[in-house]
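# Kindly generate the corresponding structure for this input.
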Amino acid sequence: MSHAVHPPESDLILPLPEGEEWDHHTIHTHYFGFSIPEAAIGAFLYIRYQPAMQLCQGGVSIFRGTDNVNAIDVDHLDYEVTMPWPEIDGNTITTANGLSIEFVEPGRVARVSYASVDGQTKLALTQTAVTPLLVRGHVMPGEEDHHDDPGRVPGGSEQFMHCVGTLELNGEHFDIDCFAPRDRSWRQVRKETQGGVPVPPVGWSPMYFGEDLIFNQISFEAPDTEPEWAGIYEIPDGMPTHHFAWLHTNGETKKITRVRRNVLERQPHTFATLRQEIEAEDEDGNVHRFTGRAIATATIPAWPNVSFHDSVFRWEDEAGRVAHSTYQEIWFDRYQRAVKARALPETLTEGDN
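Residues are numbered from 1 along each chain as shown. Sure, this is the predicted structure:
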């Protein structure tokens, strides 16, 4: 199967309304990340553009370990909710809080840099593509409801990158050499209205094992796994659990026809996934199985009307090969309230001490 790809110049698509009236939920985004598995460190580097108001938000979250319950538990957080439109100089985009993305070669090479105000935390990365600039399906539930709006041409892309560089984290030096995905959206209408979209939590799990096996999917837990969402949401019989998925092997991208994701353990305070297994069937009928556990996880403030978590997962394939990559998941308030209620101890009866 030939998977659709975007032209390199799509990296720089950042339109403004130009006299038109756009839904105020319209967004563009750029996401980059990296991991340092030996130190259990992950990073979320993000710009979320709000073109209808010519504002943006974003910045840097660098986290270590799995005990980051609140956003400010992480080792370094510099995320601003309201900033002016980024400074754009040729192929370089820089936010007011100092996150800079330079598309040295659009569609293939990007440099990402940042320095904190106190100079104690800084990073300098070069990310070089190892997969094509693939057309991405929707990420946030509800985006697809607006893809047919007249006059709007939304889009999204994702790509695996070889990331090398350095990190100074509160004065501590680390070298970076990992494989990490990036993605972006443009002109998506991503609603933030209270109540959210009535769907179970979704999880994004890109993995890079080598040129012969690169896997990516976003899905909710399979109904036959006794998922935590059972009794909270009703899913039609036979409904696919994945929003999109693909497998890239030896230069060819294959369609994934079925995904079964099973969560085995959650963080007791945030309910973020700590262990899970994934089974995926490709268009040729081959079944691929992966098991993973989180070595770092954190609450991320990027989408306040959902519970949003980033993590670094250690994945193994059936041959025992290991990959480390981001795993991200979101859910809305209905799920949070129900799961929290289940986790609370039973109420003491009158007269108990």
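
# Next one: residue 204 from residue 278, what distance?
According to CB to CB, to the nearest Å, residue 204 and residue 278 sit 12 Å apart. All C-beta spots, glycine's among them, are computed from the backbone N, C-alpha and C.

# any shared contact partners between those two?
Counting by CB atoms under 8 Å, 6 or more residues apart in numbering, the shared contacts of residue 204 and residue 278 are residue 217.

# Which strand runs longest in this protein?
For the chain, the longest strand by residue count, based on DSSP state E, is strand 172-189.

# State the next helix or strand along the chain beyond that one.
strand 202-204 (DSSP states H and E).

# just how off-centre is that next one within its chain?
8 Å (CA atoms, centre = their mean, to the nearest Å).

# The helix or strand just after it: which residues count as buried?
Using DSSP H and E, the helix or strand that directly follows strand 202-204 along the chain is strand 207-210. Across strand 207-210, burial judged by 16 or more other CB atoms under 10 Å covers 207-209.

# Just the closest of the residues you listed to residue 314, please.
residue 207 (10.3 Å; CB to CB).

# you'd agree that closest one is up against residue 290?
Yes: the criterion here is CB atoms under 8 Å, and residue 207 meets it with residue 290 at 6.6 Å.

# tell me, what's touching these two both at once?
215, 315.

# if we can go back for a sec, can you list the buried residues of strand 207-210 in CSV and add distance to residue 273 and pLDDT?
Shown next, in CSV, are these (distance: CB to CB, whole Å; pLDDT from 0 to 100):
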residue, distance to residue 273, pLDDT
207, 15, 98
208, 19, 97
209, 20, 97
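
# From those residues, pick the one nearest residue 118.
When the buried residues of strand 207-210 are compared against residue 118 (criterion: CB to CB), the nearest one is residue 208, at 33.8 Å.

# how close does the closest one get to residue 33?
12 Å.

# Could you do residue 183 as well?
Counting by CB to CB, the gap from residue 183 to residue 33 is 10 Å.

# Run through the neighbouring helices and strands of the longest strand of the chain.
Packing partners of strand 172-189 (3 or more CB pairs under 8 Å, 6 or more residues apart in numbering; DSSP states H and E): strand 26-36, strand 122-129, strand 155-169, strand 322-326.

# per-residue confidence averaged over it?
What strand 172-189 shows for mean pLDDT is 96.

# ok, that strand: who's next to it in the sheet?
strand 26-36 (antiparallel), strand 155-169 (antiparallel) (DSSP bridges).

# rewinding a little: who has more neighbours, residue 183 and residue 33?
Remark: of residue 183 and residue 33, residue 33 carries more neighbours, 26 against 20, as counted by other CB atoms under 10 Å.

# The more buried one contacts residue 179, correct?
No: taking contacts as CB under 8 Å, residue 33 lies outside contact range of residue 179: 10.7 Å.

# what residue ranges in the stretch 151-300 of the chain score low on pLDDT?
Residues of the stretch 151-300 of the chain that meet the criterion pLDDT under 70 lie in 151-152, 194-196.

# how about residue 11, secondary structure?
At residue 11 the chain is in helix, as set by DSSP: H, G, I helix; E, B strand; the rest coil.

# and it, how many neighbours?
Residue 11 - counted by other CB under 10 Å - has 24 other residues nearby.

# nearest residue to it other than its sequence neighbours?
Leaving aside its sequence neighbours, residue 11 sits nearest to residue 106 (CB to CB, 6 or more residues apart in numbering; 4.2 Å).

# Do you know the pLDDT at that neighbour?
Listed pLDDT for residue 106 reads 98.

# Also the one 3 residues further on?
As predicted, residue 109 sits at a pLDDT of 98.

# got the contact list for it?
Residue 109 makes contact with 103, 126-129, according to CB under 8 Å, 6+ apart.

# Please save the CA atoms from the helix or strand harbouring residue 45 in CSV.
Per DSSP H and E, residue 45 falls inside strand 41-50. Output of strand 41-50 as CSV, limited to C-alpha atoms (Å, rounded to 0.1, in the frame of the first residue of the first chain):
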residue,chain,number,x,y,z
ILE,A,41,13.8,11.4,30.9
GLY,A,42,11.2,12.5,28.4
ALA,A,43,10.4,15.8,26.8
PHE,A,44,7.3,17.5,25.3
LEU,A,45,8.1,20.4,23.0
TYR,A,46,5.0,22.1,21.6
ILE,A,47,3.6,25.1,19.8
ARG,A,48,-0.1,25.5,19.6
TYR,A,49,-1.1,28.3,17.3
GLN,A,50,-4.5,30.0,17.5
